[in-house]
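Colleague: Here is my input, please return the structure:
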Amino acid sequence: MPAHESRNWHLESLAAHSGVGQDRLYGAVSTPIYQTVTYQHPGTELGPYDYSRTENPTRHAAQEAINRLDNGAGALLYSSGMAALTALVHTLQQGDHVIITEDAYGGTYRIMVDIFSKFGIASSMVNTRDIDQVKQHITSKTRLFIVETPSNPLLRISPLEELAELAHAHHAELAVDNTFMTAVRQRPLELGADYVVYSATKYLAGHNDVLAGAIVCKTPEQYDKLNELTNATGSVLGPWDAWLLLRGLKTLAIRMDRQESNARRIAEFLSHHQNIRHVYYPELADHDMRERHLRQASGYGAMLSFVLTHPEDYASVMDRLQVILPAVSLGGVESLITHPYNETHRELPESMRRQLGIIPGLMRLSVGIEHIDDLLTDLDNALR
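Modeller: This is a model prediction of the structure:
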């Protein structure tokens, strides 16, 4: 559908109509899977599509759908969330400096500290919840802030509007990893961010059956620059995965509603459990952090973490679960539990993990759409 026809729609309607109206030839409601590499030219002139690394109709439909949800100037899809982050960092130059949320996903730490540092791009892991601490780490070479809020796995909240203002005052850009919230719950571009980054594998696709990443740009200039780099480097999403992503987007809003409803019940249950020392969830955060979150988000999301009273029990707790599956990743319809200390954040030095609170007793729970009674019973049995 043309963008001007949908700008005033509610987000739930935009999501449900993802990809609708893309088939101009036959009028298929579901976007076709254009499983092709190349396209026949109409005569000697190039048509709108030339080569699928550059553009593909199925990927184009998915990019337009995601862009509408975040109200951006353009979106690009990649073969994974890490491929999306890599593409964004490719906009930088040797000698540039990046500020990153200190308890961000472990893969972000690995790619920035272990890989891009070899190419002359420096980075600092910073407590982005504290503006004064961020100011102390800004240099004349700082060109990008990469912020997670809520962060992974400790669900800590950073102030997006203040960070955007600070970044722009120092000629830097703000990229927000919005994987946990999605546009259903948080819209970073409207809070001053320049880019929204997603592991689209997670909530956007929502069924644990596709790897994908996405970047939504605030301005046409940012989109054009990133699109040129993406075409050159080639880490694009294939048409089959783009179609799966489109399929998932249609139910994004209702999935998020159910998953968040379940997560709120579970967080409350765990907060009163004798074998749980602490629960990390935005609704249960201290007053200032909860109020900060609600100023920039419309809900609490479906991710939570908790600390066991007896850290040595983490393996037995995971073994006793039956409904909740022990697995990495998040955001799908099935509830998944993981052990960040040994899994998602193992790349971080041990001293850094412990300093941040990523300790052996910490468990991260991605809440799915199962019946809440089954989830609560499963947790209660496992925690005994």
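
Colleague: Need the per-residue pLDDT for Tyr109.
Modeller: We have a pLDDT of 89 for Tyr109.

Colleague: now do Val126
Modeller: At Val126, the model reports a pLDDT of 97.

Colleague: next one: Pro2
Modeller: 48.

Colleague: now do the one 10 residues further on
Modeller: Among the per-residue scores, Glu12 shows a pLDDT of 94.

Colleague: so what secondary structure elements neighbour the host helix or strand of it?
Modeller: Applying DSSP states H and E as the criterion places Glu12 in helix 11-16. Judged by 3 or more C-beta pairs under 8 Å, 6 or more residues apart in numbering; DSSP states H and E, the packing partners of helix 11-16 are helix 57-70, helix 182-185, helix 252-271. All C-beta spots, glycine's among them, are computed from the backbone N, C-alpha and C.

Colleague: who are the neighbours in contact with the spatially most central residue of the chain?
Modeller: Centroid-nearest residue in the chain: Thr179, 1.7 Å away (criterion: C-alpha atoms, centre = their mean). For Thr179, the contact set (C-beta atoms under 8 Å, 6 or more residues apart in numbering) comprises 81, 148, 152, 197-199, 202-203, 331.

Colleague: Relative to Arg185, which of those is nearest.
Modeller: Arg185 has its nearest neighbour among the contacts of Thr179 in Tyr203, at 9.4 Å by C-beta to C-beta.

Colleague: Do I have it right that Arg264 meets Glu283?
Modeller: Yes. Contact criterion C-beta atoms under 8 Å: Arg264 and Glu283 qualify, at 6.1 Å.

Colleague: Give the residues shared as contacts by these two.
Modeller: Common neighbours of Arg264 and Glu283 (C-beta under 8 Å, 6+ apart) are Tyr300.

Colleague: follow-up on the earlier one: any buried residues in the helix holding Glu12, and which?
Modeller: For helix 11-16, burial by neighbour count (16 or more other C-beta atoms under 10 Å) applies to 11, 14-16.

Colleague: What segments of the stretch 51-200 of the chain are helices?
Modeller: Under the criterion DSSP state H, counting those that start in this stretch, helices of the stretch 51-200 of the chain are mapped to 57-70, 81-89, 106-109, 131-137, 160-169, 182-185.

Colleague: Among the ones you listed, show the one with the smallest mean pLDDT.
Modeller: helix 106-109 (a mean of 90).

Colleague: where along the stretch 251-384 of the chain do the helices fall?
Modeller: Taking DSSP H, counting those that start in this stretch as the test, the helices found in the stretch 251-384 of the chain are 252-271, 287-296, 314-320, 350-356, 372-382.

Colleague: most neighbours per residue, which of these?
Modeller: Highest mean neighbour count of these: helix 252-271, a mean of 20 (counted as mean count of other C-beta atoms under 10 Å).
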